[in-house]
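Trainee: with the sequence up front, the predicted model follows.
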Amino acid sequence: MVELCRTVRFSVNPGGADAPGPNRYAGSPPMRGLGRHYELDVACVGEPDAESGYLLNVKDFDAAVRRAAVPIIAGACRERPETDPASLLPAIVAAVRDALPAPVSRVRWRLTPYHCVEMHSDDERTVLLRQRFELAASHRLHVPGWSDERNRACFGKCNSPHGHGHNYIVEPCVAMPTGDGVQGILDLPGLERLVMAAIVDRFDHKHLNLDTPEFNERTGVIPSVENIARVFHGLLEAALREAEPSARLRSVTVWESDRTSATYPA
């Protein structure tokens, strides 16, 4: 069993100027005027064909997603621009599932480079909302109970006495119910206010070891990226539970660089 994921990029242009373009890598239809650029990640699962090695031919995959999903999004953009994107996901998932010969496992709609909504086929009453945030902080990796030599051997430059800094990227994933009768769903501005208050305002431009009890050597844990993800999850989970009981924090991912990240819970 394998999962094959295809990213389809496209623009919804004013006036219906949606003729296909030749550069599908960048997006087809291409941008015209003040259009909207979107990406759909569609994943299918199954056993590849024994002869071709394909689960799906990506050209057919691409064409089916464009035929099934893009008109739903384009129609809403033009006729109901105030529509909550998450509310379109059940129709999008159903449409691509009918259009593709392999089982669809999930659909992720990237609305901006930092914000997306996602739905899994095995749970079509839940939407996953993600948004990225940035904060700058410094820290030192040091175990008080170890010798200086052991700390330097384990942490290297990260054990520098005065610490070092990162521009951290933080991405919470919030699970929200969908469907009729659901009240008080958290919107993106609401999530941003929660994350800013619970995490960003609290830790931005701080020395984590010196300025925060969560990572102080007497009262907290070592500020590794693994522990940072765990602490951030705990703080945001409590804030979200109080503000919006119908939503649930699925995970928090923290990047300390473009090559290193940690997600809690895994």
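Mentor: Received it, and whenever you're ready, just let me know what you need. This structure is a prediction, so every number in the text was calculated from the model and none was measured.

Trainee: Met196 - how many residues pack around it?
Mentor: 14 (other C-beta atoms under 10 Å). C-beta here means a position set from N, CA and C on the backbone, and glycine is covered the same way.

Trainee: show me the contacts for it.
Mentor: Phe133 (C-beta atoms under 8 Å, 6 or more residues apart in numbering).

Trainee: again, but for Gly16
Mentor: So Gly16 contacts Arg78 (C-beta under 8 Å, 6+ apart).

Trainee: and the longest strand for this structure?
Mentor: strand 164-177 (DSSP state E).

Trainee: tell me the strands beside that one, with direction?
Mentor: Note on strand 164-177: by DSSP bridges, its sheet partners are strand 123-131 (antiparallel), strand 133-139 (antiparallel), strand 248-257 (antiparallel).

Trainee: show me what contacts Leu135?
Mentor: 167-168, 170, 199-200, 203-205.

Trainee: pull out the buried members of those residues.
Mentor: With neighbours counted by 16 or more other C-beta atoms under 10 Å, the contacts of Leu135 contain buried members at 168, 170, 199-200, 203.

Trainee: next, format those residues as JSON lines and append distance to Pro30.
Mentor: Shown next, in JSON lines, are the buried ones among the contacts of Leu135 (distance: C-beta to C-beta, whole Å):
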{"residue": "Tyr168", "distance to Pro30": "35"}
{"residue": "Val170", "distance to Pro30": "33"}
{"residue": "Ile199", "distance to Pro30": "38"}
{"residue": "Val200", "distance to Pro30": "36"}
{"residue": "Phe203", "distance to Pro30": "41"}
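
Trainee: what ranges of the stretch 1-150 of the chain fall below the confidence cut-off?
Mentor: 17 (pLDDT under 70).

Trainee: residue ranges for the strands of it, please.
Mentor: 2-12, 36-46, 104-110, 115-120, 123-131, 133-139 (DSSP state E, counting those that start in this stretch).

Trainee: thinking again about what came up before, can I get the buried ones among the contacts of Leu135 in CSV with pLDDT and distance to Ala229?
Mentor: Formatted as CSV, those follow (pLDDT from 0 to 100; distance: C-beta to C-beta, whole Å):
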residue, pLDDT, distance to Ala229
Tyr168, 98, 10
Val170, 98, 9
Ile199, 98, 11
Val200, 98, 15
Phe203, 98, 12
